[in-house]
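Asks: Dropping a prediction and its sequence here:
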Amino acid sequence: MNPLSETLPGRIAYADLQNATGSDFSPFREGEGVIHKGRKYIKYADVNYGVTEDNPIRVKGSSGTKVTQIADSRRQGIDPFAELPCVSLSNEPSKLYDGENGMTRFKSDRYNGWNEGAWMDIVEFVATEGRTKEYNRIVYLHRRNDDLPQDSNSVADIVKTATDLIASGDLKLDLDSVEHFVYDAAPNMLTQDKNKAVKQIVKDKDVPTSTINWTYAECQDWLQNKCLSDYNPDYCFPYRYFAERVYATMKLYHEQKRVIKVTQWFDNKGDSDEIVLAGRINQAQKWEEFRKICKSLALYMIANDWQLPFEVETAFPQIKDGDNKEQQDILVQLNVNE
């Protein structure tokens with residue numbers, strides 16, 4: 001690849017990097033427990049990227065697709081508004097610095113045939129109140145990878161580093177600490193992915209929580225062997241199965257002709273007290289809404305000879321061949337009395 005492709009306006013060509021100044025680039029991003037020691041043009045030969053190659057915040061390292069994507073961008077010039085990669089002073093006698101991040105950009109430059117160097121921020125990580133040096137380092141590196149053009153954080157990356165921090169004692173084994181780490185390390189990650197990461201960490205490391213994650217078998221065992229209540233539910237199901245389980249509950253009433261007692265639970269380990277309490281209120285509101293629906297339904301059926309207010313007379317054609325072949329351009333007529 002030719003690193004000297006046409007440079008886009010506002011960008012800095014590879015050949016002009018050594019003539020640039022630190023003020024030409026995006027300001028340094030501050031972080032808790034991070035001391036900025038300065039920025040300078042550093043030769044790649046002086047950087048130990050072996051540390052980054054075994055990066056504790058990456059599960060799969062730098063993907064080949066991402067390397068080529070970033071290489072295509074950097075071949076048209078270095079974007080001065082993108083954060084610079086950062087390094088720290090190295091203990092390796094043959095190198096001056098350890099690469100803390102920027103491995104994907106380093107590989108991209110090599111892909112482009114540029115092996116000289118780049119502008120980098122020099123940092124030092126220290127412990128702060130309630131946070132170890134390694135915790136501050138990991139959170140900061142994740143936050144640096146949370147924006148383009150870097151190879152951004154994945155759920156697996158966050159889960160891996162949290163698991164490693166728990167194992168090393170740098171992250172407390174409790175739900176609040178895990179949630180704080182995930183939201184602190186990946187602020188721009190989709191909320192659903194952050195929540196997915198939290199729940200995966202809770203599951204993998206058996207993080208103590210203030211809520212119980214019931215299974216159906218556990219509920220049945222508890223009701224039969226441990227429950228002291230006089231109330232004995234006939235049917236149990238998780239809140240998230242409300243729609244399909246309500247039908248089963250109504251069918252149970254139809255079969256037994258008596259009031260059916262129902263008890264529910266949340267089946268997501270890692271949900272907070274607030275989520276559980278709010279969810280119970282939400283379910284109560286759903287049952288009230290369902291009561292109103294049933295009332296409306298009953299009024300219609302009473303006035304219409306107990307017919308349902310639904311027309312379920314057709315189905316989509318699905319049988320293409322054989323004795324039961326259906327015409328593929330019309331809806332199939334149903335006869336529920338057959």
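Replies: Received the coordinates, thanks. Numbering: from 1, shown residues only.

Asks: Okay, strands next: where are they in the stretch 201-338 of the chain?
Replies: Per DSSP state E, counting those that start in this stretch, the stretch 201-338 of the chain carries strands over the ranges 235-238, 262-265, 314-315, 332-333.

Asks: quick one: strands adjacent to the last one?
Replies: Partner strands for strand 332-333, per DSSP bridges, with pairing direction: strand 314-315 (antiparallel).

Asks: From the chain's centroid, how far away is the partner strand?
Replies: 40 Å (Cα atoms, centre = their mean, to the nearest Å).

Asks: Stretch 118-138 now?
Replies: Using Cα atoms, centre = their mean, the offset of stretch 118-138 from its chain centre is 24 Å.

Asks: tell me how far the ends of it are from each other?
Replies: 23 Å (Cα to Cα, to the nearest Å).

Asks: Flag every buried residue along it.
Replies: For stretch 118-138, a neighbour-count test (16 or more other Cβ atoms under 10 Å) marks 118-123, 125, 131-132, 134-138 as buried. (Each C-beta comes from the backbone N, C-alpha and C, glycine too.)

Asks: Same check on stretch 206-221?
Replies: So for stretch 206-221, counting by 16+ other Cβ under 10 Å, buried means 207, 209, 211, 214, 219.

Asks: Likewise for stretch 27-45?
Replies: Of the residues in stretch 27-45, 28, 31, 33-34, 39, 42, 44 count as buried by neighbour count, 16+ other Cβ under 10 Å.

Asks: Same check on stretch 74-82?
Replies: Neighbour counts over stretch 74-82 (16+ other Cβ under 10 Å) mark 74-75, 77-79, 82 as buried.

Asks: Which members of the buried residues of stretch 206-221 occur in helices, if any?
Replies: Cys219 (DSSP state H).

Asks: Include pLDDT and distance to Ala156 when you put the buried residues of stretch 206-221 into CSV, please.
Replies: Shown next, in CSV, are those (pLDDT from 0 to 100; distance: Cβ to Cβ, whole Å):
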residue, pLDDT, distance to Ala156
Val207, 82, 17
Thr209, 73, 22
Thr211, 66, 25
Trp214, 72, 27
Cys219, 80, 32
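
Asks: want to throw the buried residues of stretch 206-221 into JSON lines with distance to Gln18?
Replies: As requested, the buried residues of stretch 206-221 are exported to JSON lines (distance: Cβ to Cβ, whole Å):
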{"residue": "Val207", "distance to Gln18": "49"}
{"residue": "Thr209", "distance to Gln18": "54"}
{"residue": "Thr211", "distance to Gln18": "57"}
{"residue": "Trp214", "distance to Gln18": "63"}
{"residue": "Cys219", "distance to Gln18": "68"}
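
Asks: The longest helix belonging to the chain - contacts with which helices or strands?
Replies: Ordering each helix of the chain by length in residues (DSSP H) puts helix 273-303 first. With contacts taken as 3 or more Cβ pairs under 8 Å, 6 or more residues apart in numbering; DSSP states H and E, helix 273-303 sits against helix 242-256.

Asks: about what we covered before: tell me which two in the buried residues of stretch 27-45 are the farthest apart.
Replies: With distances taken as Cβ to Cβ, the most widely separated pair in these is Gly33 and Tyr44, at 26.9 Å.

Asks: Identify whichever of the strands of the stretch 201-338 of the chain lies nearest to Leu299.
Replies: Across the strands of the stretch 201-338 of the chain, closest to Leu299 is strand 262-265 (Cβ to Cβ), at 23.9 Å.

Asks: Report the mean confidence score over the closest one.
Replies: For strand 262-265, mean pLDDT rounds to 85.

Asks: And that strand, what does it pack against?
Replies: For strand 262-265, the packing partners by 3+ Cβ pairs under 8 Å, 6+ apart come out as strand 235-238.
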